[in-house]
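Trainee: Structure, please.
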Amino acid sequence: MVEKKVKQLLYSQLVDMGGIPVRQPLPTQQVEMIDPFLLIHHHISTIPAGSHPRSIGVGPHPHRGFSPVTFIYQGEVNHKDSRGNDAIVGAGGVQWMNAGMGIIHSERPPTTFAENGGVQEIIQLWINTPAALKMQQPAYFSLDEASIPVLIEDAGKVKLKLVAGTYKEIKGFQQTNSELLILNIEMEKDGQCTLQIPTGFNACLYNFDAVIDIGSFGMVEPLYLVSFKEEGNKIEIKAREKTRLLFLSGAPLNEPVVSYGPFVMNNQTQIMEAMRDYQMGKMGMLHD
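Mentor: Sure, this is the predicted structure:
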């Protein structure tokens, strides 16, 4: 196996998204996307006890042409959408939505969690959809922690949670619109692992909590996204202290991307059509 070399480090700058503070390591001024991954938002906040769900979280908004995926690390998220889906997923789980031709959804803390208060930590990831599938019917999947396979390595110092794709003949979530391998990784101090990546996949790694070492590259501090070169098929990681990582890899689509707000298509005409269809109610209605 050949080591994947580090291409660059992208710091997750704090940005304001409609009044919600999020860290955004992708996109940046230097990097528009890591095909097929379009956007990463890392949000953590403390919800005061006695809050009303409709005063926090993200209210109804549309999507078309990609998959918004929400990883829940602390707290709970209540997803509702214009196709009638209504699900609550807690820490360790994932909300996966293939937006397809268009859907309206909201993501807020559930009522009980809002009333009791607590820490909410999530990552939202946008994954591009191939042009041939952008206008398919939307689909939503709730993955609770118990449904996600776990691989234990390095005498228990490393946990690999297989969110999507196939890894070492174990299958994670398979209803993706393109070839992906996504892992949530938990590492104890001095834990080590070697990730095996399909040849030709793009790859990146987000580091949450503590310093890690990447193969021949060396030290990576917390809150950095590591982008790797295309060549190679293995990544060696060592944790200096306990940390969490989100590993994203996938086959590049190599297609034109035109985005406007919550719509990601292949040309400007398709963006105009998405805006028209949303305004005409063709993506459904959601009363929050």
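
Trainee: can I assume Asp277 sits in a helix?
Mentor: Yes - judged by DSSP: H, G, I helix; E, B strand; the rest coil, Asp277 forms part of a helix.

Trainee: Report the central residue of the chain.
Mentor: For the chain, Leu125 is the residue whose C-alpha lies nearest the centre (CA atoms, centre = their mean; 2.8 Å).

Trainee: name the element it belongs to?
Mentor: Assigned by DSSP states H and E, Leu125 belongs to strand 118-128.

Trainee: For the next helix or strand after that strand, which helices and strands make contact with it?
Mentor: Moving toward the C-terminus from strand 118-128, the next helix or strand (DSSP H and E) is strand 139-143. Contacts defined by 3 or more CB pairs under 8 Å, 6 or more residues apart in numbering; DSSP states H and E place strand 139-143 against strand 76-81, strand 86-90, strand 94-98. C-beta coordinates here come from the backbone N, C-alpha and C atoms, glycine included.

Trainee: Put together JSON lines for the ones you listed, with mean neighbour count, distance to Gly261 and mean pLDDT on each row.
Mentor: Putting these into JSON lines (neighbours: other CB atoms under 10 Å; distance: least, CB to CB, whole Å; pLDDT from 0 to 100) gives the following:
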{"stretch": "strand 76-81", "mean neighbour count": "21", "distance to Gly261": "17", "mean pLDDT": "97"}
{"stretch": "strand 86-90", "mean neighbour count": "16", "distance to Gly261": "24", "mean pLDDT": "97"}
{"stretch": "strand 94-98", "mean neighbour count": "24", "distance to Gly261": "16", "mean pLDDT": "98"}
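
Trainee: that older thread, the residue nearest to the residue nearest to the centre of the chain when sequence neighbours are not counted bridge partners, please.
Mentor: With CB to CB, 6 or more residues apart in numbering as the criterion, Leu125 has its nearest non-adjacent residue at 4.6 Å, and that residue is Val69. Here Val69 sits in beta bridges with Trp96, Leu125, going by DSSP bridges.

Trainee: cool, the one 10 residues further on as well?
Mentor: The bridge-partner assignment for His79, based on DSSP bridges, gives Ala87, Glu107.

Trainee: State the distance from it to Gly92.
Mentor: To Gly92, His79 is 16 Å away according to CB to CB, to the nearest Å.

Trainee: need the contact list for Ile40.
Mentor: Ser12, Gln24, Pro25, Leu26, Ile123, Gln124, Leu125, Trp126, Tyr206, Leu225 (CB atoms under 8 Å, 6 or more residues apart in numbering).

Trainee: C-terminal to the helix or strand Leu160 falls within, what's the next element?
Mentor: Using DSSP H and E, Leu160 sits in strand 158-164. For strand 158-164, the following helix or strand on the C-terminal side (DSSP H and E) is strand 166-167.

Trainee: Quick one: distance of that next one to the chain centre.
Mentor: In terms of CA atoms, centre = their mean, to the nearest Å, the centre of strand 166-167 is set 17 Å apart from its chain centre.

Trainee: Tell me the pLDDT of Tyr73.
Mentor: Residue-level confidence at Tyr73 comes out at 98, pLDDT.

Trainee: How many residues are close by Pro36?
Mentor: Neighbour count for Pro36, taken as other CB atoms under 10 Å: 26.

Trainee: For it, give me its contacts.
Mentor: Pro36 makes contacts with Ile127, Asn128, Ser178, Leu180, Asn202, Gly250, Ala251, Pro252, Leu253, as judged by CB under 8 Å, 6+ apart.
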